[in-house]
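Undergrad: this is the structure alone, sequence omitted:
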């Protein structure tokens, strides 16, 4: 039996699906989803091995794209717009290329379909270092993680993955071991024959180095109707760091 991704739905109208990035979950997008829900039937999803969705040793962009296909088929979603951030952006590009007739408009947030070498292994090891035998609160976890990750907002983002399994026992929603075992799949480039003919918006954070003009030029053949916009005062987590400008750019593209 095919497993269906965990999701929440807001609003009514033309369908819009949102995919979070690595270490994320649908909750990261809930505030924006409520805003988008004023104009669209907005679906926010937990990708496999994240949030409340199922865990599986199989983890690559083709499989993540298939998970989305199962979801839209199960809910009979047709002609929808798709937003993906980082890992979710690569999943969205893969899906749009594989099933171009199902996607009305595509928004890719701070990622390109190219190879990236990241510091995810260090992040994973930092999270794995947390000893839940001695840590029983989010405050304790934040203090322990601060030794490895100084940025308070990023720690808060990562620690959203905590869940309580009993009164004094915490664990992670995200499957750290599976992510660690498949980091090469997360970092790798998407297939060279990637192609989506529909309208596509790439959004970059001003302070992020994931997209630059030179890198962006090389993807024009894959996304011939694409353009790039920059959101000021934001890094890789564009939607969290400058929510207002991100929402303005996104809604303008989707509505017009």
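TA: Yep, it's here. These numbers were taken from a predicted model, which means no experiment stands behind them.

Undergrad: residue 140 sits in which helix or strand?
TA: Taking DSSP states H and E as the criterion, residue 140 maps to helix 138-145.

Undergrad: and for the helix or strand following that helix, what's in contact with it?
TA: With elements assigned by DSSP H and E, the helix or strand that comes after helix 138-145 is helix 152-159. Contact partners of helix 152-159, identified using C-beta atoms under 8 Å, 6 or more residues apart in numbering, comprise 23-24, 28, 123, 127, 138, 141-142, 145-146, 149, 237, 240. Quick note: C-beta positions are derived from backbone N, CA and C, even for glycine.

Undergrad: what do you get if the cut-off is 10 Å, keeping everything else the same?
TA: For helix 152-159, the external contacting residues (C-beta atoms under 10 Å, 6 or more residues apart in numbering) are 21, 23-25, 28, 123, 126-127, 130, 138-139, 141-143, 145-146, 148-149, 151, 170, 172, 174, 235-237, 240-241.

Undergrad: now do that helix against helix 138-145, angle only.
TA: Here helix 152-159 points in a direction 120 degrees away from that of helix 138-145 (axes from the mean of the first three to the mean of the last three C-alpha atoms, to 10 degrees).

Undergrad: buried residues in helix 152-159?
TA: Within helix 152-159, the residues scored as buried using 16 or more other C-beta atoms under 10 Å are 154-155, 157-159.

Undergrad: that helix - what's its average pLDDT?
TA: Averaged over helix 152-159, pLDDT sits at 92.

Undergrad: check stretch 36-45 too.
TA: Mean per-residue pLDDT for stretch 36-45: 97.

Undergrad: first vs last residue of that stretch, how far apart are they?
TA: In stretch 36-45, first residue to last residue: 15 Å (C-alpha to C-alpha, to the nearest Å).

Undergrad: how close does the residue lying closest to residue 100 once chain neighbours are set aside sit to residue 237?
TA: Using C-beta to C-beta, 6 or more residues apart in numbering and skipping residues adjacent in sequence, the residue nearest residue 100 is residue 196, 5.5 Å away. Counting by C-beta to C-beta, to the nearest Å, the gap from residue 196 to residue 237 is 24 Å.

Undergrad: looking only at neighbour counts, state which of the two leads.
TA: Applying other C-beta atoms under 10 Å to residue 196 and residue 237 shows that residue 196 carries more neighbours, namely 24 against 21.

Undergrad: kindly state the beta-bridge partners for residue 162.
TA: residue 172 (DSSP bridges).

Undergrad: quick check: it touching residue 139?
TA: No. Residue 162 is beyond contact range of residue 139, at 11.0 Å (criterion: C-beta atoms under 10 Å).

Undergrad: which one of the two is surrounded by more residues?
TA: Neighbour count, other C-beta under 10 Å: between residue 162 and residue 139, residue 162 has more, with 19 against 10.

Undergrad: and that one, how close does it get to residue 142?
TA: Distance from residue 162 to residue 142, by C-beta to C-beta: 10 Å.

Undergrad: list residues touching both of those two?
TA: The overlap between the contact sets of residue 162 and residue 142 (C-beta under 10 Å, 6+ apart) consists of residue 135.

Undergrad: lowest confidence element among the helices and strands of this protein?
TA: In the chain, the helix or strand scored least confidently by mean pLDDT, DSSP states H and E is helix 213-217, which has a mean of 89.
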